[in-house]
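Pasting a predicted model and its sequence here:
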Amino acid sequence: MVNRYMQVSKRACICVLSCFSPFLVIYSQVYVGGQVRGEDGVPVLGASVLLYNDSLLTPPMVTCGTTQKDGKFRIDTKRDKQPYWLVVRSIGYKDYIREIISGREDLDIVLRQDNTMLSEVVVKGFYSGVKVSGDTIKFDTKHFSNGFENSVADLIAGLPGVNVRENGSVLYGGDVVNKLLVDGKDLFTKDAGGYVLKNMAAEIVDGAEIIKNYKEGNIDDRFSQKDQLALNIKTKGLAKISGRANLNY
């Protein structure tokens, strides 16, 4: 009797897991990593690794990264629409493009040399507007601007991997941005950040940065803090911004 009960329970558990397994796949995280080398086997440093939603490589990008000294890279994003399309670019090489279907990919990528003499226009075509330095992702906001943005929220909504909610809160790669900085300074509370982005004029912005593993305060406090995701708005210095003055706090 006990054995029969255990068999029934086991079958029920398997049934339940089978029903929910599609949802587990849908919401799993996409990981794409590997190594990029030239035809001579030498690792390619600083190659742009870009992830798009479709084969037409329609902007904006989902997320991006660059290769390290050993040619290795890793980019992550929340699983959303499939498949994704991976593009690896480096000046002097032909673009490498492939479809990413599975949730996790470890790739060995070989870039083919492009012997064509590159004109200035073609060289500009390699410019992604994104530079990765350690835990900081730097965006050239002019590269992604369409010229019709009114607020900072409008401007950063066009950056690859960035989403702005109706209340002005920001997500990068599906994760909530915890801190808003202006020229590296923490001027606003978390609740005020969305208001600031929707009311700060886009024309004063000179660039934007996403800082992973951001920690605030002095060095002693940082050891006890959890890593945060921060957005740093770089301005042209056209205005002195004060959280109290502008928000009437």
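Good, I have the coordinates.

which element is Gly207 on?
Element membership for Gly207, per DSSP states H and E: strand 205-214.

what does that strand contact?
135-141, 152, 155-156, 159, 161-162, 172, 177-179, 181, 227-236 (Cβ atoms under 8 Å, 6 or more residues apart in numbering). All C-beta atoms are positioned from the backbone trio N, CA, C, and that covers glycine.

Tell me which of those fall in strands.
If you go by DSSP state E, the contacts of strand 205-214 have 136-139, 162, 172, 179, 181, 228-235 in strands.

from these, which two are the most distant?
Gln228 and Thr235 (21.4 Å; Cβ to Cβ).

how does the protein divide up, domain by domain?
Domain ranges of the chain: 29-119, 136-247, per automatic domain parsing.

mind putting those domains in a markdown table, mean pLDDT and mean neighbour count included?
A markdown table is the format used below for the domains of the chain (pLDDT from 0 to 100; neighbours: other Cβ atoms under 10 Å):
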| stretch | mean pLDDT | mean neighbour count |
| --- | --- | --- |
| domain 29-119 | 82 | 16 |
| domain 136-247 | 78 | 16 |
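
Now distance to Val130 too, for the ones you listed, in JSON lines please.
Listed next are these as JSON lines, based on distance: least, Cβ to Cβ, whole Å:
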{"stretch": "domain 29-119", "distance to Val130": "5"}
{"stretch": "domain 136-247", "distance to Val130": "6"}
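
ok, back up a step: out of the ones in strands among the contacts of strand 205-214, the closest to Ile109 would be?
Among those, and counting by Cβ to Cβ, the member closest to Ile109 is Ile137, at 21.0 Å.

The closest one contacts Ser128, correct?
No. The pair Ile137 / Ser128 is not scored as a contact, 11.2 Å apart, by Cβ atoms under 8 Å.

so what sits against both of these two?
Joint contacts of Ile137 and Ser128 (Cβ under 8 Å, 6+ apart) are Cys64.
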